[in-house]
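K.L.:
return a 3D structure for these sequence lines:
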Amino acid sequence: MGMIPRGKLIGMQVYNPNGTFVGTVQDIALPLGEGEMGIVVTTRAQAMETIPWSKISAVGDIIILKENIEIKAPSVEMAAPQAFLAPQMPSTESRAGRALKSITGVFKRGGERPTCLTCGKPLTYIEQYKRWYCYNCGKYV
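P.N.:
Numbering: from 1, shown residues only. Coordinates of the predicted model:
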């Protein structure tokens, strides 16, 4: 691998060797003293994970890892800030289903559109894929 500018790495998507999405690069991790450089990734479970450079197989349009990284999902209570959770009645619905409804309720309030975490521009909801898209960054959020 040759030299890769920091600006190119930030925002790149990271995938396991088997093709599963791991997350998006948020920053570069530089060691103090001895150690190995790495990348800081926000996983699809919204957890921060540091991946050592030695575990990266290839960097191009995306980053491919040498070995699978297990994504640790944070608890449902930590996934959504408490300020956004609506009071709920006991039901037979799963905890994940309730959390998803409360999070999507945030996007529906007052007609406000969510903004991209990378560039801060408004996101557009693509109904076909049921995902938010940033036209400025050219990525799904």
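K.L.:
in the helix or strand hosting Val25, what counts as buried?
P.N.:
For Val25, the host element (DSSP states H and E) is strand 21-29. For strand 21-29, a neighbour-count test (16 or more other CB atoms under 10 Å) marks Val22, Gly23, Thr24, Val25, Gln26, Ala29 as buried. Where C-beta positions appear, they are placed from N, C-alpha and C, glycine not excepted.
K.L.:
ok, those vs Pro5, which is closest?
P.N.:
Using CB to CB, Val25 is the member of those that lies nearest Pro5, at 12.5 Å.
K.L.:
for this structure, which element, helix or strand, carries the lowest mean pLDDT?
P.N.:
helix 76-79 (a mean of 50; mean pLDDT, DSSP states H and E).
K.L.:
in the chain, which spans are strands?
P.N.:
Applying DSSP state E to the chain gives strands spanning 13-15, 21-29, 38-43, 48-52, 56-59, 63-65, 124-126, 131-134, 139-140.
K.L.:
turn the ones you listed into TSV, columns for distance to Thr115 and mean pLDDT.
P.N.:
Below are the strands of the chain laid out as TSV (distance: least, CB to CB, whole Å; pLDDT from 0 to 100):
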stretch	distance to Thr115	mean pLDDT
strand 13-15	19	94
strand 21-29	16	91
strand 38-43	16	91
strand 48-52	20	90
strand 56-59	28	92
strand 63-65	25	93
strand 124-126	11	87
strand 131-134	9	88
strand 139-140	13	86
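K.L.:
of all those, which one is nearest Met3?
P.N.:
Using CB to CB as the measure, strand 56-59 is the one of the strands of the chain that comes nearest Met3, at 10.7 Å.
K.L.:
helices or strands next to that closest one in the packing?
P.N.:
In terms of contacts (3 or more CB pairs under 8 Å, 6 or more residues apart in numbering; DSSP states H and E), strand 56-59 is packed against strand 63-65.
K.L.:
picking up where we left off before, need the buried residues of strand 21-29 in CSV with distance to Asn136, can you?
P.N.:
Shown next, in CSV, are the buried residues of strand 21-29 (distance: CB to CB, whole Å):
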residue, distance to Asn136
Val22, 23
Gly23, 20
Thr24, 15
Val25, 17
Gln26, 17
Ala29, 26
